[in-house]
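> build me a model from this:
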Amino acid sequence: MPQLEVDGAALTYDDEGPRDGDGVPLVFVHGWTADRRRWDHQIAHFAGKRRVIRLDLRGHGESGGAGVPTIEELARDVLALLDHLEVERCVLIGHSMGGMISQTIALSQPERVERLVLVGSISRMAFSRGRGLLMAASTLVPFKLFVAANIQRAFAPGYPREQIREHIRASAATPREVVMTLYGAMRAFDVLDRVGEIRTPTLLVHGYHDIQLPVKQMLRMATAYPDAVIRIIDAGHELPLEKPAELTAALDRFVSPAPVA
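Model prediction:
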């Protein structure tokens, strides 16, 4: 279980697969209150043929560290890991908050991103006045109730309740300070007016039933991307858990080198 110390946080990561495999490394970045195991299906699929890297963000999973107030600071953690592993260029794949981190990297260091994949992510948190007030009020309820309400609504109707309860328990194990600080960082995140600067080929994968970050918000973002492919899957916000095989297939089609004629 390798770790890298970055600004007071011991970041746990996995670096697997052949160094001389097909294409540049795939770098997977998980979302809020999750951990690197969200990508188990994708790692199992790709690690046999190319280098794959994933990490637990600070304060999540097996990584230490406190929460930070901006997505840019999380992006610096990921870049520090890439520097440490001597990865000059990669495919960035981010889910939810991980997609926000990935967009930040694509904007700040575009030369390092060969392709970009945003899974259930957006460029700006936008809400009606009523929902914005409801979200603000939700931070005042007991912590475990706050986490349970957010994780419960992340899954499409019909997802097994016992599995949802397991994910709620795992998310609630993330330190309260980390959860709440990064909740604020996500709400403040806004690069919608800049995503047109991202010229790398981009895949936007979204759940049709996502009410955390609704499809219409993703589509608004998509119109700003000059070179984007859109894939809608019959799932909620937690695509890596709800439809792992479909997500992996979509990624494989997008990141695998085209056969030589």
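
> which SS class is the nearest residue to Asp210 once chain neighbours are set aside?
By the measure of CB to CB, 6 or more residues apart in numbering, the closest residue to Asp210 outside its immediate chain neighbours is His237, 4.5 Å from it. C-beta: built from backbone N, CA, C; applies to glycine. Here His237 is recorded as coil under DSSP: H, G, I helix; E, B strand; the rest coil.

> my read: His237 touches Gly120, true?
Yes: at 5.1 Å, His237 counts as touching Gly120 under the criterion of CB atoms under 8 Å.

> report the beta-bridge partners for Ala9.
Val6 (DSSP bridges).

> any idea how far Thr174 is from Arg220?
Note on Thr174: its distance to Arg220, by CB to CB, to the nearest Å, is 29 Å.

> now swap in Arg89 and tell me
29 Å.

> state the number of residues packed around Arg89.
Other residues near Arg89 come to 13 when the count uses other CB atoms under 10 Å.

> no, scratch that, I was asking about Val24
18.

> now do it, the pLDDT please.
If you check Val24, the pLDDT there is 96.

> so it touches Leu92, yeah?
No: distance between Val24 and Leu92: 10.2 Å, which falls outside the contact criterion (CB under 8 Å).

> list the residues that contact the closest residue in space to Arg37 that isn't next to it in sequence.
Leaving aside its chain neighbours, Arg37 sits nearest to Gly61 (7.2 Å; criterion: CB to CB, 6+ apart). Counting by CB atoms under 8 Å, 6 or more residues apart in numbering, Gly61 touches Thr12, Ala34, Asp35, Arg36, Arg37.

> right, I'll call it a day here.
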